[in-house]
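>>> could you work out the structure for the sequence below:
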Amino acid sequence: MCDYLGVRPLFIMRGSPKSYNYEIWKRGGYAMIYEAQIYPFGQTELVKRIRDVLGLPADCPRAIPEGIIRRFMRWHEKSKGG
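Residues are numbered from 1 along each chain as shown. Coordinates of the predicted model:
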């Protein structure tokens, strides 16, 4: 679908098989993988319940870490031209 529409795939997700990530990369796309489910800042109680009751990794950071933003921006700058 991305080829047909002329767009690059961008996936932001908690996890995916490496084979999926490779397919995204082969098509010029980007896969941003988080170890934890990300919830809006301020949802501390919800995140605590998700961790305690469901045992799932979850977080509600004030901001996305700078290293993740830099990595995405490098991909974006490289991919703009073609």
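>>> secondary structure of Ala31: a strand, I assume?
Yes - under DSSP: H, G, I helix; E, B strand; the rest coil, Ala31 sits within a strand.
>>> look up how far Tyr22 lies from it.
Distance of Ala31 to Tyr22, given as C-beta to C-beta, to the nearest Å: 9 Å. In short, each C-beta sits where N, CA and C put it, glycine included.
>>> pLDDT score assigned to the closest residue to Ile38 other than its chain neighbours?
Excluding the flanking residues, the one nearest Ile38 by C-beta to C-beta, 6 or more residues apart in numbering is Asp59, at 6.0 Å. The per-residue pLDDT reported for Asp59 equals 94.
>>> name whatever forms a beta bridge with the residue nearest in space to the middle of the chain.
What sits nearest the mean C-alpha location of the chain, by C-alpha atoms, centre = their mean, is Ile12, with 2.6 Å. Per DSSP bridges, the residues bridged to Ile12 are Met32.
>>> so for stretch 71-82, what's the average pLDDT?
Averaging pLDDT along stretch 71-82 gives 83.
>>> in the protein, which residue sits furthest out from the middle?
Distance from the C-alpha centroid of the chain peaks at Val53, with 24.2 Å (C-alpha atoms, centre = their mean).
>>> quick one, what contacts the closest residue to Arg51 other than its chain neighbours?
Leaving out its chain neighbours, the residue that sits closest to Arg51 by C-beta to C-beta, 6+ apart is Ala58, at 5.6 Å. Residues near Ala58 by C-beta atoms under 8 Å, 6 or more residues apart in numbering: Ala36, Gln37, Ile38, Tyr39, Val47, Ile50, Arg51.
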